[in-house]
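Asks: Structure of the sequence below:
(2 chains)
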Number of protein chains: 2
Amino acid sequence: MKIALCQINPTVGAIKQNKELIIKKYQEAIGLGAELIVFPELALIGYPPQDLLLRNKFINNAAVALDEIAKQSTIPIIVGSTLVENDQLYNCSYVCANGQIIDHYKKILLPTYDVFDEDRYFKSGDQPVTVKIAIGPKIKKIGLQICEDLWDHTYSRNLAGQLKNAGAELIINISASPYRVDRLVDRCNLIKTKVDNTGIPFLYCNLVGAQDELIFDGQSVVYDGKGNLLAQGNSFVEDTIIVDFDNQEPIELNVLQREEKIYNALVLGVKDYFTKTGHTEAVLGLSGGIDSSLTACIAVDALGSHNVHGVSMPSKYSSEHSKDDAKELAQNLGMDYQVVSIESIVDSFEHSLKASYNGTEPGVAEENIQARARGSIIMALSNKFNWLVLSTGNKTELAMGYCTLYGDMNGGLSVISDLSKTDVYALSRWVNENSDKERIPLNSIDKPPSAELKPNQIDPFDYDVVSPLVTALVDNQKSPSQLIKEGADPELVEDISRRIRINEYKRRQAAPGLRVTSKAFGMGRRVPIVNKYDELSHD
Amino acid sequence: MKIALCQINPTVGAIKQNKELIIKKYQEAIGLGAELIVFPELALIGYPPQDLLLRNKFINNAAVALDEIAKQSTIPIIVGSTLVENDQLYNCSYVCANGQIIDHYKKILLPTYDVFDEDRYFKSGDQPVTVKIAIGPKIKKIGLQICEDLWDHTYSRNLAGQLKNAGAELIINISASPYRVDRLVDRCNLIKTKVDNTGIPFLYCNLVGAQDELIFDGQSVVYDGKGNLLAQGNSFVEDTIIVDFDNQEPIELNVLQREEKIYNALVLGVKDYFTKTGHTEAVLGLSGGIDSSLTACIAVDALGSHNVHGVSMPSKYSSEHSKDDAKELAQNLGMDYQVVSIESIVDSFEHSLKASYNGTEPGVAEENIQARARGSIIMALSNKFNWLVLSTGNKTELAMGYCTLYGDMNGGLSVISDLSKTDVYALSRWVNENSDKERIPLNSIDKPPSAELKPNQIDPFDYDVVSPLVTALVDNQKSPSQLIKEGADPELVEDISRRIRINEYKRRQAAPGLRVTSKAFGMGRRVPIVNKYDELSHD
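Replies: Down below sits the predicted model:
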């Protein structure tokens, strides 16, 4: 009994192209001897399709494309798409064979939290479905699941148990499970629990690719009825895994090192954003600092060094070492590098503003003029040459509001906006350790971080303390009072949590950022701008 | 029997301040002889509280504040807040009297569409609740509802009928119903249907105020059991209406003219965004065009002319009449006006970019440099003087992507981003017609719109045709093929719908905009950036 899991990389909305990809992979799998071929959740329309699901024509087009897949089917195929029944929309797993749709299952558990909005679009199916499928010479009763159905314990349900009781001989879960650190291990532990409880094999086919802020990791897995892992799809690439149940040796789960996982996720995130929006070349500001260095490195690995343009934009406050470090980085990475000075631009701004600024002391306004002059230069190159701007800010900085709106925040995609400053260091060191030569200049890693917007400025935070506190507040959603109870400095916690709150307005206008943690700024964190809730307030 | 509906303007997260506001209005209403006093949905925490609802401490604080209200209660009060029961969160209507909470109702219908995400936070209540309340000397059985419960027909439910069957003698619906054009009439027609079907009075207490993108209009209403309107709260201001059921004459529903409604909504939107974020003064660019003129006018009416700063930022392409019109507007409105030329700034940019741009033809990149120089000047004034920047783009322009990211799109709040170009003209004319002197210079209304970013440029759209098509596609969610079927030019529809699709990336980084239509760009329209769905594609 040979079953193929095709973890494909569809594009949201590209129904025709996705259909052709599914048919191509289906036929390839048949060529490899597969007797049942499985595709991920909503593979035909891409995930998450968001408000495209509200367009009738879109849903109709998907139905037509599904019919075409069914018509071309010979041996059985399982694929995700939508269904309209009594004016209600469902997220479905379809089983097709011999030229027709033979059954379907309507997703029961609809995630509506964090980045998920499925209740906005779908009605929940009301019962588990098992379907008899001819897999080669055998007829097997298969239990169908879709993604969140696996996490049934959080809804006090037991969908896997119900499938087993209904006679399922194996369970096939089609997924579009967004990547975040440690997701693979969580997922596999959960699958093993299901196998322990039911004693039947569990096949999990996951989407791969990136869509706006989300990255899908693939890493489809197959467990036999004893809880042995039989196969694992590659991470962050399309892959077809074929399991021959009569003839398969157990393997060990391949869990990459934390830094490698995150790095590879971000490379895929950049690559797909470019490919799927029709861009080839990127441009970014190189300050000589660690954030832009790591971003450049990821971009080069995603797009090729010849497609990445680095720009150094020195002002009168830029140190020699910054310019040297930026240049060295570009040389190390083999990427294009140019220097555009902002000195005379900043002078012109200050001159034009002289009358308006009359009598005021220099401060943040003057610093921001520099950041915005750089932001405008980068955009001027982007507009002229159709290079997509990569924003280089990290999560700690975005949390604290230590960044300039319409300045260094400019960009079409924010590459490391979900990495804490601690993670930025860890990934940068990992990059150098896993290359035969130094890619990120050691000086960029070792020197104290500075925005260099005024003389002898260094970042006003001790990142060793601040970065973990931001992670605790944002990623782990701990409350300020809990952190203080755990021993953190009350004044510092109060300052950080206030900054996170009052800088929501900046993040609302930030470039979309690639999500790799359990709670990223962006679509999965919906905090009001007008927000007077201050837990530690003594009012 | 005297019942008071207090349409108050709470602030999201300001639990203590909201509690005090509720107690103050409660006591005032008692002073006016009210025997039952009603407050809107989630009045204690503000609406929509979004992810604040995920914080345990926030929910606990709300529970403590509710207890304090209950403890201070003498005559009955109905007020909206949250409830946790068996680890589930509910959106509740609480009835308190004589120092305690005497009953509560859990909202049954949870809107999860457009700007609403209630399924993300709340569990649905499973049954209608009637409660016996002593209103003066009488004991009345009251049916409780919360907002969306009124719209039960769209869920194939009949909650009002169920309340009537359970013996309700009147229905009290507490709401936080975001404003959009024609909402009042829809709402009142629906209430009248409920009264027709049940024959009992219906009291509807709505929130007022603005929160981020949303504006709440107040306009609470009371209908008697025969369908007569007995009272209507003022629009867009706090108001307490007291109905004496034994002694009240029917009135006519007061429906403002379309332009007046929208204008007043936007004035409140600006006012509350400033008040609630702690800002007093606004700054905006004045181009002499109609968009910035209307925005300035709204800002002056919201904040006072002494708090609004207009900046003209001429370039070498700026016409004399533009500068004159901007100045005249500022004089008409009595607001601060200054001129900051961008000519030398643009020259510096062009000089600095000379090597990079070598051999290219001037185009959009050069035009955007001007827009971004202006954007940076406005931000430089904002940063220096703590003036909040108002963005002046309209919806038609945002749809078409005819605006510059990090340039004219800059701002903390986008005032007219939900107004079509057609509405911008209509409101501008209305402003002048309803003032004893010309406020917006006629020339700004009459001249052809131009961005003036190159010689003799005028906007490349016939707004008389394009503006209604954008409205049909975005607000009315018609499909391109439907519009073509209805007679629109196929090429134009194809071009507009393509522009709307490919400019999602710009709108994702736009300032939050005040919503006044049924479908605004922003939180209620979630369209992917990577989006290959082109209905009219011939691929």
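
Asks: Number of residues surrounding A:Ala520?
Replies: As a burial measure, the neighbour count of A:Ala520 was computed by other C-beta atoms under 10 Å in any protein chain shown and equals 25. From N, CA and C alone the C-beta is placed, and that goes for glycine too.

Asks: is stretch A:333-345 anywhere near chain B?
Replies: Yes - taking C-beta under 8 Å from any C-beta of the partner chain as the criterion, stretch A:333-345 and chain B are in contact, through A:338, A:340-342, A:344-345.

Asks: my bad, should have said stretch A:510-530
Replies: Yes - residues of stretch A:510-530 are located near chain B by C-beta under 8 Å from any C-beta, namely A:510-512, A:523, A:525-530.

Asks: what's the answer for stretch A:213-227, then?
Replies: No - applying C-beta under 8 Å from any C-beta, one finds stretch A:213-227 separated from chain B by no less than 9.1 Å.

Asks: end to end, how far does that stretch reach?
Replies: When the termini of stretch A:213-227 are compared using C-alpha to C-alpha, to the nearest Å, they are 33 Å apart.

Asks: Then stretch A:152-172?
Replies: The straight-line separation of the ends of stretch A:152-172 (C-alpha to C-alpha) is 15 Å.

Asks: Up against chain B, what does the stretch 51-200 of chain A have?
Replies: With C-beta under 8 Å from any C-beta as the criterion, the stretch 51-200 of chain A comes near chain B at residues A:51-52, A:54-58, A:61, A:112-113, A:117, A:119-120.

Asks: hang on, the earlier thing: biggest separation within the residues of stretch A:333-345 next to chain B, which pair?
Replies: Using C-beta to C-beta, the two most remote members of the residues of stretch A:333-345 next to chain B are A:Gln338 and A:Ser344, lying 16.5 Å apart.

Asks: who's the nearest residue to A:Gln232 once chain neighbours are set aside bridged to?
Replies: With C-beta to C-beta, 6 or more residues apart in numbering or on different chains as the measure, A:Val221 is the residue that lies nearest to A:Gln232, at 5.2 Å, once sequence neighbours are left out. The partner list for A:Val221 in beta bridges (DSSP bridges) reads A:Tyr204, A:Gln232.

Asks: Same check on A:Pro178?
Replies: Here A:Pro178 shows beta-bridge partners A:Phe216, assigned using DSSP bridges.

Asks: Output the below-cut-off pLDDT ranges for the stretch 401-539 of chain A.
Replies: Across the stretch 401-539 of chain A, the stretches falling below the confidence threshold (pLDDT under 70) are A:538-539.

Asks: check contacts around the residue of it at minimum distance from chain B.
Replies: Closest to chain B within the stretch 401-539 of chain A is A:Tyr533: 3.0 Å, counting by C-beta to the nearest C-beta. Under the criterion of C-beta atoms under 8 Å, 6 or more residues apart in numbering or on different chains, the contact partners of A:Tyr533 comprise A:501, B:12-15, B:52, B:55, B:58.

Asks: Without its sequence neighbours, what residue ends up closest to it?
Replies: In space, and not counting its chain neighbours, A:Tyr533 is closest to B:Gly13: 3.0 Å by C-beta to C-beta, 6+ apart.

Asks: quick revisit: quick check: the residue nearest to A:Gln232 touching A:Val195?
Replies: No - with contacts counted by C-beta atoms under 8 Å, A:Val221 stays clear of A:Val195, the gap being 10.8 Å.

Asks: For A:Cys92, which three-state class applies?
Replies: Reducing the assignment to helix, strand or coil with DSSP: H, G, I helix; E, B strand; the rest coil, the entry for A:Cys92 is strand.

Asks: and what of A:Gln477?
Replies: For A:Gln477, the secondary structure call by three-state DSSP comes out as coil.

Asks: So for the residue lying farthest from the centre of chain A, what's the pLDDT?
Replies: With distances taken from the mean C-alpha point of chain A and given as C-alpha atoms, centre = their mean, the most distant residue is A:Gly359, at 47.8 Å. Looking at A:Gly359, its pLDDT reads 91.

Asks: Likewise for A:Arg183?
Replies: pLDDT for A:Arg183: 93.

Asks: ok, now which ones touch it?
Replies: Residues touching A:Arg183, when contacts are defined by C-beta under 8 Å, 6+ apart, comprise A:177, A:217.

Asks: now swap in A:Arg507 and tell me
Replies: Listed by C-beta under 8 Å, 6+ apart, the contact partners of A:Arg507 are A:398, A:521.

Asks: backbone phi and psi for it, please?
Replies: A:Arg507 adopts backbone torsions of phi -60, psi -30, taken as degrees, to the nearest 10.

Asks: same question, A:Ala330
Replies: A:Ala330 has phi and psi values of phi -60, psi -40 when expressed as degrees, to the nearest 10.

Asks: Could you check how many residues crowd around it?
Replies: Counted by other C-beta under 10 Å, the residues lying close to A:Ala330 total 23.

Asks: correct me, but it touches A:Gly310?
Replies: Yes - with contact taken as C-beta under 8 Å, A:Ala330 and A:Gly310 are classed as touching, separated by 4.7 Å.

Asks: Spit out the residues that contact those two alike.
Replies: Residues within reach of A:Ala330 and of A:Gly310 at once, by C-beta under 8 Å, 6+ apart, are A:286, A:296, A:336-337.

Asks: Just those residues: which are in helices?
Replies: Secondary-structure check on the shared contacts of A:Ala330 and A:Gly310 using DSSP state H: residues within helices are A:Ala296.

Asks: Checking my notes, A:Lys506 in a strand, right?
Replies: No - according to three-state DSSP, A:Lys506 belongs to no strand; its state is helix.

Asks: give the contact list for the closest residue in space to it that isn't next to it in sequence.
Replies: The shortest distance from A:Lys506 to any non-neighbouring residue, by C-beta to C-beta, 6+ apart, is to A:Leu405 (5.0 Å). Contacts for A:Leu405 were tallied using C-beta under 8 Å, 6+ apart; they are A:506, A:509, B:379.

Asks: got it, and A:Thr396?
Replies: Residues counted as contacts of A:Thr396 (C-beta under 8 Å, 6+ apart) are A:420-422, A:461, A:463, A:466-467, A:470.

Asks: Isn't A:Pro178 up against A:Cys147?
Replies: No - between A:Pro178 and A:Cys147 no contact is recorded; they are 10.0 Å apart, counting by C-beta under 8 Å.
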